[in-house]
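Novice: Provided below for reference: sequence and predicted model.
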Amino acid sequence: MADPEDIEAAELALGLLEGEERAGALRRVLAQPGFAAAVEWWRERFAALFDLWPEVAAPAHVETRIAATLDGGAAVSTRRFPWPLLALASSAIAACLLLFILVDPRPSVPVSQPVPAARPTSLLVATLESGEADDKVAPVAAVFDAAAGSLRIAAAPEVDARRVAQLWAIGGDGVPHPLALLSEAPATLRLTAADRARIVAGAVLAISVEPTGGSPTGKPTGPVIAAGVLARV
Amino acid sequence: MTPSSPAADTARARLSEVLLRTGAEDRDAFNELYRLTSAKLFGITLRICGERQAAEDVLHDVYITIWRRASGWEPGRASPITWLATIARNRAIDWRRAQGVRRTSPIDDAPDIADPGPGAERALLASEDTRRLLDCLDGLDAPQRDAIRTAFFDGVTYAELAIARAVPLGTMKSWVRRGLARLKDCLRG
């Protein structure tokens, strides 16, 4: 008989969970290799159903658009962006912005301009905390401005000099996606369109400790030192 | 997904090759990959997004993601089509949940999922893994099977399933959990 943990793994693999339940399951994926393996097992079993999925011809203009995006390089170049260049963004400004946004969630808009209806709900915040009781890692605040497509993140926890803190987004699929390597200075990250789409309410941001240069596998390999769920402000 | 025939073996080998070459930033290989897989992946994004424009936008993002991540695909782990289809399903689910749209009714635009019934047709059409999963799903009570299949193909949550089937959330959860437990026993056995 399958145990409750195994059922939870199946629920996550199928995408049945949302809100706190999903966030809890995602934390376990990061913290418990056995649970992560169970999710993977279920995902592979259910993948057999892709065989049944009917095909629908995609319109020709999609291929044209993909080629244009790749040729223009618009959304493809920043994933492995060298961290030092990102860090050039003034940490002081980022810290001020972060404080401002956390204190007053309404973005400032000049009085003479109409307020775009989407703005007040375009901010997402997360507090990334260590799951351990003996909390050695200070919470890390992250603010995503959907209108600007930027993710502001406070100073990452200190890691060993030969290691680096790597930021991940975990969406509905339960799979961690690398976002950026972090430094101990606060920073504003410009995300690719693909990564921006992952930053949604209920998604989890997590920080793991990885070898210099980031995880070699594209998935977290080191311990997860902080994680938090994104919520709308 | 284990191929069931020499033709499927050949198709899988071809897809593996173009995916590997895509990982080496070979645009011709990427173009062929698109031709081989876009109808499958569009079928996925269309069904889950539930509208053509969004499904096209997500399909675009899916192939950009594939281009960037192809070097991370490990031939030994997932089959190429599973890897690609999983990206498409996940991105479509991410899109829909980001919209805050609840899916509570069937999708008009997307074709039905045809399930080859038990017996000869299934043996002929489905791969070994697929056949096994379908046989195990057949062993479940209808509401359990329906909920699990709908969760997979429509990318819906417990709450959406409960609303769509007009049952309390707790009832839906217990149907699905019992179904998943039996499914696990069957797949393991």
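Specialist: Good, I have the coordinates. Numbers count the residues shown, from 1 in each chain, chains lettered A, B, ... in the order given.
Novice: Tell me how many other residues crowd A:Ala182.
Specialist: Not quite, residue A:182 is Leu, not Ala. 24 (other Cβ atoms under 10 Å in any protein chain shown). Every residue, glycine included, has its C-beta placed from N, CA and C.
Novice: Spit out the contact partners of it.
Specialist: A:Trp83, A:Ile153, A:Ala156, A:Val164, A:Ala165, A:Gln166, A:Leu167, A:Ile207 (Cβ atoms under 8 Å, 6 or more residues apart in numbering or on different chains).
Novice: which one of the residues you listed sits closest to chain B?
Specialist: A:Gln166 (14.7 Å; Cβ to the nearest Cβ).
Novice: That closest one: what secondary structure?
Specialist: With DSSP: H, G, I helix; E, B strand; the rest coil as the basis, A:Gln166 sits in strand.
Novice: Which residue, other than its chain neighbours, is closest to it?
Specialist: Once flanking residues are discounted, A:Gln166 sits nearest to A:Glu210: 4.5 Å by Cβ to Cβ, 6 or more residues apart in numbering or on different chains.
Novice: For the helix or strand hosting the one you found, which outside residues touch it?
Specialist: Remark: A:Glu210 resides in strand A:204-211, with elements defined by DSSP states H and E. For strand A:204-211, the surrounding residues in contact (Cβ under 8 Å, 6+ apart) are A:23, A:26-27, A:30, A:126, A:128, A:140, A:142, A:156-157, A:159-160, A:162-170, A:176, A:179, A:181-182, A:215, A:220-230.
Novice: Downstream of that strand, the next helix or strand is which one?
Specialist: Counting by DSSP H and E, what follows strand A:204-211 is strand A:224-229.
Novice: And the buried ones among the contacts of strand A:204-211, selectable in ChimeraX?
Specialist: Buried residues within the contacts of strand A:204-211, by 16 or more other Cβ atoms under 10 Å in any protein chain shown, are selected in ChimeraX with:
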select /A:23,26,27,30,126,128,140,142,156,157,159,164,165,166,167,168,169,170,176,179,181,182,215,220,222,224,225,226,227,228,229,230
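Novice: Rounded mean pLDDT for the lengthiest helix in chain B, please.
Specialist: Under DSSP state H, the helix in chain B containing the largest number of residues is helix B:27-49. Helix B:27-49 carries an average pLDDT of 96.
Novice: Pull out the buried positions in that helix.
Specialist: B:29-30, B:32-34, B:36-38, B:40-49.
Novice: ranges for the helices of chain A?
Specialist: Counting by DSSP H, the helices of chain A are A:4-14, A:19-31, A:33-47, A:60-72, A:83-87, A:91-103, A:193-196.
Novice: Could you look over those and pick the most buried one?
Specialist: Of all the helices of chain A, helix A:4-14 carries the top mean neighbour count, a mean of 22, counting by mean count of other Cβ atoms under 10 Å in any protein chain shown.
Novice: before we move on, back to that, adjacent strands (with direction) for the strand holding A:Glu210?
Specialist: Strand A:204-211 sits in its sheet next to strand A:163-170 (antiparallel), strand A:224-229 (antiparallel), going by DSSP bridges.
Novice: shaky segments in chain B?
Specialist: Counting by pLDDT under 70, the ranges of chain B that qualify are B:1-4, B:101-111, B:118-121, B:123-126.
Novice: how about a cut-off of 80?
Specialist: Low-confidence segments of chain B (pLDDT under 80): B:1-6, B:8, B:76-78, B:100-127, B:189.
Novice: tell me the domain ranges of it?
Specialist: B:1-101, B:117-189 (automatic domain parsing).
Novice: ok now the shortest one, how far from the chain's centre?
Specialist: Between the centre of domain B:117-189 and the centre of its chain there are 13 Å (Cα atoms, centre = their mean, to the nearest Å).
Novice: One more: stretch B:42-58?
Specialist: With Cα atoms, centre = their mean, you get 13 Å for stretch B:42-58.
Novice: Kindly report the same for stretch B:77-88.
Specialist: That offset, for stretch B:77-88, works out to 9 Å (Cα atoms, centre = their mean).
Novice: And that stretch, what's buried?
Specialist: With the criterion 16+ other Cβ under 10 Å, stretch B:77-88 contains buried residues B:Ala78, B:Ser79, B:Pro80, B:Ile81, B:Thr82, B:Trp83, B:Leu84, B:Ala85, B:Thr86, B:Ile87, B:Ala88.
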